[in-house]
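Participant: Next comes the sequence, and after it the predicted model I'd like to discuss.
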Amino acid sequence: MSKKLLIVDDEPHIRLLLEQTLEELEDHDVELLTATNGLEALEAIQREKPNLVFLDVMMPKMNGYDVCQKVKADPELNDVYIIMLTAKGQEFDRSRGKDVGADIYMTKPFDPDEILEKSCEILGIET
């Protein structure tokens with residue numbers, strides 16, 4: 001069965017960079033999905049039930065904290081692994097990320113190699 005990875009960011013260049021960083025996962029039967037705002041992300045998570053989500057915090061329609069909290073509160077989605085990927089790196093922001101259930105909190109700018117490595121680890125892919 002194929003795995004799904006959702007990239008959520010309102011900045012087109014960040015989405016593109018993440019897609020390029022993770023495109024080799026497609027060779028391992030991972031489907032890459034994208035969303036451009038929080039509401040779209042929540043709908044995509046509910047519909048697609050991705051294995052892994054890279055979730056921005058500051059987005060239109062619904063912020064990443066609210067998306068994460070709603071996903072983690074839904075028993076049908078509690079195995080969705082969420083990595084918050086954001087420019088908000090203060091301790092308060094990290095703490096809030098943990099409070100809403102984020103599995104990992106990473107800050108931008110990010111290291112593409114680290115993103116790929118972490119994704120492979122979470123999805124159980126050996127490269």
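Facilitator: In hand now; what should we look at?

Participant: by contact count, what packs against the helix or strand of the chain with the lowest mean pLDDT?
Facilitator: Every helix and strand in the chain was compared by mean pLDDT, DSSP states H and E; the lowest is helix 91-99, with a mean of 92. If you count contacts as 3 or more C-beta pairs under 8 Å, 6 or more residues apart in numbering; DSSP states H and E, helix 91-99 packs onto helix 64-73, strand 81-86, strand 104-107. Placement of C-beta: from N, CA and C, glycine included.

Participant: would you list those in a markdown table and tack on mean neighbour count and distance to residue 116?
Facilitator: As requested, the helices and strands packed on helix 91-99 are exported to a markdown table (neighbours: other C-beta atoms under 10 Å; distance: least, C-beta to C-beta, whole Å):
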| stretch | mean neighbour count | distance to residue 116 |
| --- | --- | --- |
| helix 64-73 | 21 | 21 |
| strand 81-86 | 23 | 12 |
| strand 104-107 | 16 | 13 |
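
Participant: for those, which one sits closest to residue 16?
Facilitator: Smallest distance to residue 16 across the helices and strands packed on helix 91-99 (C-beta to C-beta): 14.0 Å, for strand 81-86.

Participant: Does the closest one pack against any helices or strands, and if so which?
Facilitator: Judged by 3+ C-beta pairs under 8 Å, 6+ apart, strand 81-86 is in contact with strand 52-55, helix 64-73, helix 91-99, strand 104-107, helix 112-123.

Participant: at 7 Å what do you get?
Facilitator: The elements that strand 81-86 packs onto, with contact taken as 3 or more C-beta pairs under 7 Å, 6 or more residues apart in numbering; DSSP states H and E, are strand 52-55, helix 64-73, strand 104-107.
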